[in-house]
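Visitor: Okay, predicted coordinates and the sequence, questions at the end:
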Amino acid sequence: MKPFRPIDAVAVPLAQPNFDTDQIIPSRYLQKLRDNDFGIYLFRDLRFRKDGSENPDFVINKPAYRQGKVLVAERNFACGSSREHAVWALYDYGFQAVIAPSFGDIFFNNALKNGLLPIVLPYSTVVDLLAAVEALPGSHIRIDLKAQTVTAPDETETTHAFSIDPFSKHCLLNGIDELDYTLGYFDRIKEFERCHNKQADIRDCLS
């Protein structure tokens with residue numbers, strides 16, 4: 001994972017509620033290994049026609065949105081089956097954050113563990129963001145994880161605050177996952193094991 005830095009990037013509107021994980025990545029790609037580029041499978045059945053040609057009507061195939069890194073979605077985004085591959089596909093394609101009024105719970109947690117920032121904002125706020133990026137294709141949204149703010153692409157550059165749990169924020173800012181975090185305490189873990197193996201009081205080993 002790369003450390004999460006402030007974003008100033010093209011926003012892509014996806015104004016469809018209950019957009020499920022099978023639409024994000026079809027199940028036939030779930031047997032692929034993680035070292036594959038899952039970005040090529042993102043929205044596969046929506047991005048491409050049956051003959052393999054691009055569907056020009058799908059949003060990320062439109063020239064103004066091709067460089068998008070922020071996805072603005074409707075309520076209950078990424079509901080459905082629990083596939084971590086949905087996060088991998090978005091992340092590998094180049095998306096760094098998804099803004100929505102609500103998410104599928106499993107997707108939300110998978111995103112935080114894989115470097116993709118899911119941002120929950122009030123429904124009315126997301127509706128306004130969707131309208132802004134649809135009205136002006138190619139417009140940018142700014143996201144500052146450290147400050148926990150989203151800046152809208154409107155004339156007044158309205159700023160919206162969002163919440164995130166401190167541990168997930170720490171991991172994203174430092175580009176680490178739960179295993180990396182644990183390994184950061186490797187020396188202390190080794191010392192605890194050495195102490196505990198000597199049959200010392202566990203309270204002394206924890207001090």
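Guide: Yep, that arrived. Since the model is a prediction, treat every value here as computed from it, not as a measurement.

Visitor: Please pull out the lowest mean pLDDT helix or strand from this structure.
Guide: helix 202-206 (a mean of 57; mean pLDDT, DSSP states H and E).

Visitor: Show the backbone phi and psi for the closest residue to residue 104 other than its chain neighbours.
Guide: With CB to CB, 6 or more residues apart in numbering as the measure, residue 79 is the residue that lies nearest to residue 104, at 4.0 Å, once sequence neighbours are left out. The C-beta positions use only the backbone N, C-alpha and C, and glycine is treated the same way. Comment: the main-chain dihedrals of residue 79 come out as phi -80, psi -180, following degrees, to the nearest 10.

Visitor: Residue 122 now?
Guide: In this entry, residue 122 is assigned phi and psi values of phi -60, psi 150 (degrees, to the nearest 10).

Visitor: Wait, it touches residue 101, no?
Guide: Yes. Counting by CB atoms under 8 Å, residue 122 does reach residue 101; the two are 6.7 Å apart.

Visitor: And those two? Which one has more around it.
Guide: Per other CB atoms under 10 Å, whichever of residue 122 and residue 101 has more neighbours is residue 101, with 18 against 11.

Visitor: quick one: the more buried one from residue 118, how far?
Guide: Distance of residue 101 to residue 118, given as CB to CB, to the nearest Å: 11 Å.
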